[in-house]
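Colleague: With the input below, show me the fold.
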Amino acid sequence: MLDRLRETARNEGLTINAIECSWWTADIDRLGFRGAFDLVIASMTPGVRDVETFDRMMACSKRFCYYSNFVGRGSDTAHQEIFRNILGEEPRGHAHGPGLLYPFMYLYAPGYRPIVKFNHMSRNREQGWVEAAEAAIDFLGNERVLSDDAREKIREYYRDASPDGTYRSEAEVYTGMMVWSVTNRDGT
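Modeller: The predicted structure follows:
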């Protein structure tokens, strides 16, 4: 992804210094990021996952921040069933940190007044059951080690849910975005 950014910047004649590091452990003072940017963007990223990383994002801005994340997500029922019946776990909300509502409240309580916009999208998807199963295995394998038995059961689930070889899913996705000034509180 960074190689693509560098190539596009070079082709467009833009000066972009792409830095690869973990946001969870980034030292913004050593990197020279504290108060260095007019606008800091964190869009649908698991990098901003808690108060510490949210505060770090804000500390990099001298003017504005933009944050977007999921508000609610009616995920494909397959993931919920796989979590419960195959992995023996309760499904989580989503993989992108705290969503939008907690960060909004975190800002609003001390007097920040972000401009907020919400979006809704319905998604219908069709794909071969093998592709759907492997995508689910990849997604679920990001945060846990899946046994060979669990992988096989996931494949069986998708095969059984796809009588004609095509897996069909529907999902309702709600996202939100907010922009706020890091220098103004209570609308002042």
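
Colleague: tell me which residues of the helix or strand of the chain with the lowest mean pLDDT are tucked away?
Modeller: When each helix and strand of the chain is scored by mean pLDDT, DSSP states H and E, helix 77-81 comes last, with a mean of 81. Neighbour-count burial for helix 77-81 flags 78, 79 (criterion: 16 or more other C-beta atoms under 10 Å). Any C-beta I mention is one placed from the backbone N, CA and C, and that applies to glycine too.

Colleague: now stretch 180-188
Modeller: Quick answer for stretch 180-188 (16+ other C-beta under 10 Å): 180, 181, 182.

Colleague: Any chance of CSV for those residues, columns secondary structure, pLDDT and distance to residue 131?
Modeller: Below are those laid out as CSV (DSSP: H, G, I helix; E, B strand; the rest coil; pLDDT from 0 to 100; distance: C-beta to C-beta, whole Å):
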residue, secondary structure, pLDDT, distance to residue 131
180, strand, 98, 40
181, strand, 98, 44
182, coil, 97, 43
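
Colleague: of those, closest to residue 28?
Modeller: residue 182 (13.7 Å; C-beta to C-beta).

Colleague: Give me the residues contacting the least confident helix or strand of the chain.
Modeller: For helix 77-81, contacts defined as C-beta atoms under 8 Å, 6 or more residues apart in numbering pick out 91, 132, 136, 139, 140, 157, 158, 161, 167, 169.

Colleague: Where does confidence bottom out across these?
Modeller: Scanning those for pLDDT, the low point is residue 91. It has 72.

Colleague: OK, contacts around it?
Modeller: Here residue 91 is in contact with 75, 79, 80, 83, 84 (criterion: C-beta under 8 Å, 6+ apart).

Colleague: Same check on residue 184?
Modeller: 112, 113.

Colleague: Quick check: the gap between it and residue 38.
Modeller: 14 Å (C-beta to C-beta, to the nearest Å).

Colleague: do residue 115 as well
Modeller: From residue 115 across to residue 38, the span is 16 Å (C-beta to C-beta).

Colleague: ditto for residue 125
Modeller: 38 Å.

Colleague: what's the nearest residue to residue 112 once chain neighbours are set aside in contact with, if anything?
Modeller: Leaving aside its sequence neighbours, residue 112 sits nearest to residue 180 (C-beta to C-beta, 6 or more residues apart in numbering; 5.0 Å). Counting by C-beta under 8 Å, 6+ apart, residue 180 touches 64, 65, 107, 112, 113, 114, 115.
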